[in-house]
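In: Got a sequence here, can you build the structure:
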Amino acid sequence: MESPAAARPRTSFDMDTLVGTVLSTGVIASVALLSIGIVWQWIAIGKLGLDYTLPRINVVRFISGEVLGMLHEGFGPTRFVNLGIIVLMLTPYLRVLLSMFYFILVARNYKYATITAFVCTVLTFTLFLR
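Out: Now for the predicted structure:
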């Protein structure tokens, strides 16, 4: 008896591999950025930990503020922590966006494309909420 994975036709483009790569790369990059920020802070002040609170703004303003801060002020421990948080927050969003394009362009499955587009729209809207 064939397994469901073996019965599924393989195309030259494997969405499962892409999604897995995007999610694992996002988590690994986030952990690396957070670790750099925490270790840098530890070296700078001699104490492990970060006295830190997230600003009470929406994600888009948070990201634009960090990008502008990098351009004007450079990097510091808190900036690396913020970048790690941003990467972690945007990883699932990127996964939904890639899935939507996959369903539209590769699979040509418009039912799933519509559902995924709705989810992507809701996620995009929430990026602008506080």
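In: what packs against the longest helix belonging to the chain?
Out: Longest helix of the chain, by residue count under DSSP state H: helix 15-45. On a contact count with 3 or more CB pairs under 8 Å, 6 or more residues apart in numbering; DSSP states H and E, helix 15-45 meets helix 77-101. The C-beta positions use only the backbone N, C-alpha and C, and glycine is treated the same way.
In: who does the helix it packs on touch, helix- and strand-wise?
Out: Counting by 3+ CB pairs under 8 Å, 6+ apart, helix 77-101 packs on helix 15-45, helix 59-73, helix 110-127.
In: circling back to that earlier point, now the angle from the longest helix of the chain to helix 77-101?
Out: Our comparison of helix 15-45 with helix 77-101, counting by axes from the mean of the first three to the mean of the last three CA atoms, to 10 degrees, yields an angle of 170 degrees.
In: model confidence over helix 15-45, on average?
Out: For helix 15-45, mean pLDDT rounds to 93.
In: could the helices and strands packed on helix 77-101 go into CSV alongside mean neighbour count?
Out: Below are those laid out as CSV (neighbours: other CB atoms under 10 Å):
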stretch, mean neighbour count
helix 15-45, 15
helix 59-73, 13
helix 110-127, 14
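In: Dump the ones you listed into JSON lines; add distance to V96 as well.
Out: Converted to JSON lines, the helices and strands packed on helix 77-101 look like this (distance: least, CB to CB, whole Å):
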{"stretch": "helix 15-45", "distance to V96": "10"}
{"stretch": "helix 59-73", "distance to V96": "14"}
{"stretch": "helix 110-127", "distance to V96": "5"}
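In: which one of those helices lies closest to T53?
Out: T53 sits nearest to helix 59-73 of all the helices and strands packed on helix 77-101, at 12.5 Å, using CB to CB.
In: Can you spell out which helices and strands pack onto that closest one?
Out: helix 77-101, helix 110-127.
In: Okay then, goodbye and thanks.
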